[in-house]
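Chemist: what would the 3D arrangement of this be:
(one chain, ligands or ions: 1)
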Amino acid sequence: MRPHHLWLAGVLLAGPAMAEDQRQLTTLPPPAQETLRQEMLNNLVALNDILTLVATDKLREAGAIAEQQLGLSAQDRHRDKPFEARPGPHMPPAMHALAMEGHRAASEFAKAAQTEERDRALALLPNLTSACVSCHASWRIR
Ligand code: HEC
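Modeler: Numbering: from 1, shown residues only. Alright, predicted model coming up:
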């Protein structure tokens, strides 16, 4: 490990003791919060399905779920809900950008998986979870 990695590990280990939440707080209307929470639970299921399918070499199926559930196709899924129940329009631009990045990453993976470009799909797979991690690491809504 390079020294700054050790330093980072130290900070992470000391994290719970410091217990200061560095994430930015943004508040969404309660109906949008509820929509977001349901979407998040769905995201985790989708991710689990994708990993299971990739592990059993069912790349096309993994790609289809990635596109439908996490990709650009899923981006406008709340457009028919009342405005106060749609999370996207209430997010600060920087947070919304992370959401968009996640949809793009999922679609990029989906394209490679659906055309059975195995090496490329595997190389793109971690971008799916990176999108979750980068938003969770910087934003909270309560
Ligand atoms: C644009 C930001 C953003 C992205 C991207 C994002 N999340 Fe979340 N996620 C949140 C926020 C904000 C909460 C907290 C919701 C709350 O407090 O009710 C959350 C909460 C969750 C929860 C907890 C739900 C609950 O019942 O409390 C899960 C599980 C989750 N996210 C999974 C994921 C997964 C998996 C991904 C990636 C595929 C992902 N999230 C991507 C913002 C994001």
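Chemist: got the residues of the protein near the ligand?
Modeler: By the rule Cβ under 6 Å from any ligand atom, the part of the chain lying against the ligand is 33, 36-37, 40-41, 43-44, 47, 70, 95, 98-99, 102, 131-132, 135-136, 139-142. Quick note: C-beta positions are derived from backbone N, CA and C, even for glycine.
Chemist: any of the residues you listed buried? List them.
Modeler: 33, 36, 43, 47, 70, 95, 98-99, 102, 131-132, 135, 139, 141 (16 or more other Cβ atoms under 10 Å).
Chemist: now, the residues of the chain next to the ligand that are in helices?
Modeler: Judged by DSSP state H, helices contain the following of the residues of the chain next to the ligand: 33, 36-37, 40-41, 43-44, 47, 95, 98-99, 102, 131-132, 135-136.
Chemist: where does pLDDT dip in this protein?
Modeler: 1-18 (pLDDT under 70).
Chemist: need the residue closest to the centroid of it.
Modeler: Among the residues of the chain, the one closest to the centroid is Cys132, at 3.0 Å (Cα atoms, centre = their mean).
Chemist: which of the ones in helices among the residues of the chain next to the ligand sit farthest apart?
Modeler: Distance extremes for these: the farthest pair is Gln33 and Leu47 at 21.0 Å, using Cβ to Cβ.
Chemist: need the contact partners of the helix or strand containing Ala110.
Modeler: Using DSSP states H and E, the element containing Ala110 is helix 93-114. Identification of contacts with helix 93-114 by Cβ atoms under 8 Å, 6 or more residues apart in numbering yields 24, 26, 54, 59-60, 62-64, 66-67, 69-75, 88, 91, 120-121, 124-125, 127-128, 130-132, 134-135, 138-139.
Chemist: now these: which count as buried?
Modeler: 54, 59, 62-64, 66-67, 69-71, 73-75, 88, 91, 121, 124-125, 128, 131-132, 135, 139.
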